[in-house]
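K.L.:
One predicted model, sequence on top.
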Amino acid sequence: MRLLLLAVCSLLVAAPMGASAQSRAGFNFERDCAKWIEQHGYSTDYIKQKTGKRQRGTASYWRANVETRDVQPGDVVITYIARKGESMRVAYVEDVRRDAEGKVRAVLVTEWNRGTFIDEPCLVTDHFGRLSDSKPMMLGEIEKVWRPSLPLPGAAGTADLPRE
């Protein structure tokens, strides 16, 4: 009887986990988040508004054309969203902070859609389409840098510049 009870409990615990994983597997960002995409409030939309340019796709697919150590005002930094796996966001560099030797240590960025999630699967926050307060970002937090005034290297699918 004890083994039967243990087996039933195991099934009850495993079922929701399996269903949850299955629903995530069927999730399609472009389809399931279309109502948000149409509103143009993501961080990538802010970059388009701020610079007049944007790369194709979500921030996770944006490419670099400048070494991280060479970041300057007007550049776009591409970073991972905390606790969201491979999902990325972009922010506009307003200012660069240097150390006594002149090396970049941090940047001051502005961005849309940084805040508390209101639709987590679609990566929508309470600042969707709204500017968040300027935020300092340490150089080590930056994965890639895109300078909109320069061309992207190579053809689509070319590897990004190496990270320091």
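P.N.:
Yep, that arrived.
K.L.:
Now do the strands in this protein.
P.N.:
Under the criterion DSSP state E, the chain carries strands at the ranges 76-80, 88-98, 104-110, 117-119, 124-125, 135-138, 144-146.
K.L.:
Buried residues of stretch 117-129, list them for me.
P.N.:
Within stretch 117-129, the residues scored as buried using 16 or more other Cβ atoms under 10 Å are Cys122, Leu123, Val124, Thr125, His127, Phe128, Gly129. In short, each C-beta sits where N, CA and C put it, glycine included.
K.L.:
Let me see the contact set for Ser43.
P.N.:
Applying Cβ atoms under 8 Å, 6 or more residues apart in numbering, one finds that Ser43 lies in contact with Ala59, Arg89, Val90, Ala91, Glu111, Trp112, Asn113, Arg114.
K.L.:
Out of the residues you listed, give me the one that has the most neighbours.
P.N.:
Using other Cβ atoms under 10 Å as the neighbour criterion, Ala91 leads the contacts of Ser43 with 28 neighbours.
K.L.:
Isn't that one up against Val71?
P.N.:
No - counting by Cβ atoms under 8 Å, Ala91 does not reach Val71; the two are 11.1 Å apart.
K.L.:
where does the chain have low pLDDT?
P.N.:
1-24, 155-164 (pLDDT under 70).
K.L.:
ok, 50 please
P.N.:
Confidence mapping of the chain against pLDDT under 50 gives the ranges 1-23, 155, 157-164.
K.L.:
Could I get the full set of helices for it?
P.N.:
Counting by DSSP state H, the chain forms helices over residues 2-25, 29-32, 34-37, 43-51, given from the N-terminal end onward.
K.L.:
Buried by neighbour count: which residues of the second one qualify?
P.N.:
Neighbour counts over helix 29-32 (16+ other Cβ under 10 Å) mark Phe29 as buried.
K.L.:
Leu54: neighbour count?
P.N.:
Leu isn't right for residue 54; it's Arg. As a burial measure, Arg54 scores 19 neighbours (other Cβ under 10 Å).
K.L.:
what sits against it?
P.N.:
Residues touching Arg54, when contacts are defined by Cβ under 8 Å, 6+ apart, comprise Thr44, Asp45, Ile47, Lys48.
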